[in-house]
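> The following block contains a protein sequence and its predicted model.
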Amino acid sequence: MEWFDVIIGAAKVVPEANATLLPPLIQIQERIRGEFGWSLERDQRSIHSLLEEISETECFVWQQENRQKCLSKISETLCSAKRVVIVGAAVQAEELRACMNYGDAILVADGAIGVFSELENSEEAWENLVAVVSDADGHPYLDDALTRRAPLILHAHGDNMENWRNLLERCLTSPLPIVLTHQCPEVIEGTINPGGFTDGDRAIALAKHVGVDIENIVLCGFRTDEVGRWSGNTDSLIKSRKLEWMAEIINLTGVKWSDVRDS
């Protein structure tokens, strides 16, 4: 494991003086907070609140041990696949159709799961889906994934507490497997910070985090010249700034991709 073990130990704070020891995909999160004026305290409050509410549900499939098993299964599936296709918010059906091969594993960024409904071979795509990486704002496109109980990599950050609460409430009648992620520099028991920022680049960071070879990662639906049609509701100017950060993060991962600005 390149950064820190998938199995999380007790929470510990990384001293500010040692911030440079953090991997680049986590270091960049502090720069992003500064860019948008977000506070680390709000990010911390969100993930700790999520952990508390998950615990209070007493849902068997959401217990920490089972979240760990879910992550281990996702890791094994991704690392054993011929390729890992990561689907971003700008994906078009024809693009994904041309990209999919037999033996691929698919990671989808949040609302981009909606593209599956436009595929003629949608069941093949669902069968190859390993997980959806989400900060819980992908409705209504996320609904099919919730209904099918697809594994969810659920992210907590400072301004999505209402979203993840609504999502948990909707899932209580038929809980789906989950893994929890955050964007704080400290290790927090029961969750991981694989690095990254947007759902799309965080999916790439997750694949890298669990040990997928960079050469085996294929990106589909990532672009910086326009806001993807599967993106959650957001201010277009802010989203454009987020896409600039996404591009920088992808470049940090070392994964090959074509930034449309340079093509």
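Yes, it's here.
> So what's the gap between the helix or strand where residue 107 lies and the chain middle?
With secondary structure defined by DSSP states H and E, residue 107 is part of strand 104-109. Offset of strand 104-109 from its chain centre (CA atoms, centre = their mean, to the nearest Å): 11 Å.
> Which strands or helices does that strand pack on?
helix 64-80, strand 83-87, helix 122-128, strand 129-134, helix 199-209 (3 or more CB pairs under 8 Å, 6 or more residues apart in numbering; DSSP states H and E). Using the backbone N, CA and C atoms, a C-beta is placed for each residue, glycine as well.
> let's see it at 7 Å
strand 83-87, helix 122-128, strand 129-134, helix 199-209 (3 or more CB pairs under 7 Å, 6 or more residues apart in numbering; DSSP states H and E).
> what's the spacing between the closest residue to residue 64 other than its chain neighbours and residue 179?
Nearest non-adjacent residue to residue 64, counting by CB to CB, 6 or more residues apart in numbering: residue 190, 4.7 Å away. Noted for residue 190: a distance of 10 Å to residue 179, by CB to CB, to the nearest Å.
> Also residue 26?
Applying CB to CB, the value for residue 26 to residue 179 is 17 Å.
> next one: residue 108
For residue 108, the distance to residue 179 - CB to CB - is 14 Å.
> Which of those two has more residues huddled nearby?
Each of residue 108 and residue 179 has its neighbours counted (other CB atoms under 10 Å); residue 108 has more, 36 against 26.
> what ranges do the helices span in the stretch 151-263 of the chain?
Here the stretch 151-263 of the chain has its helices, by DSSP state H, counting those that start in this stretch, at 161-171, 199-209, 236-253.
> orientation of the last one relative to strand 83-87 in degrees?
Using axes from the mean of the first three to the mean of the last three CA atoms, to 10 degrees, the interaxial angle of helix 236-253 with respect to strand 83-87 works out to 160 degrees.
> and helix 236-253, which residues are buried?
239, 242, 243, 245, 246, 247, 249, 250, 252, 253 (16 or more other CB atoms under 10 Å).
> That one - contacts with which helices or strands?
Packed against helix 236-253, as judged by 3+ CB pairs under 7 Å, 6+ apart, are the following elements: helix 24-36, helix 199-209.
> I figured residue 191 was touching residue 182, is that so?
Yes. Residue 191 lies in contact with residue 182 (CB atoms under 7 Å); the separation is 5.3 Å.
> what is in contact with those two at once?
Here residue 191 and residue 182 have residue 47 as joint contacts, going by CB atoms under 7 Å, 6 or more residues apart in numbering.
> so where's the stretch 1-150 of the chain uncertain?
Within the stretch 1-150 of the chain, the ranges that satisfy pLDDT under 70 run 1-20.
> ok, now with 90
1-21, 100, 102-103, 121, 139 (pLDDT under 90).
> what residues are up against the closest residue to residue 43 other than its chain neighbours?
Spatial nearest neighbour of residue 43, excluding adjacent residues (CB to CB, 6+ apart): residue 158 at 4.7 Å. Each residue near residue 158 by CB under 7 Å, 6+ apart is listed here: 38, 39, 42, 43, 46.
> Assess the claim that residue 105 and residue 130 are in contact.
Yes. Using CB under 7 Å, residue 105 is in contact with residue 130, at 4.8 Å.
> Would you mind grabbing the residues shared as contacts by these two?
Joint contacts of residue 105 and residue 130 (CB under 7 Å, 6+ apart) are 77, 78.
> how near is the closest residue to residue 134 other than its chain neighbours to residue 54?
Closest residue to residue 134 apart from its sequence neighbours, by CB to CB, 6+ apart: residue 110 at 4.3 Å. From residue 110 across to residue 54, the span is 19 Å (CB to CB).
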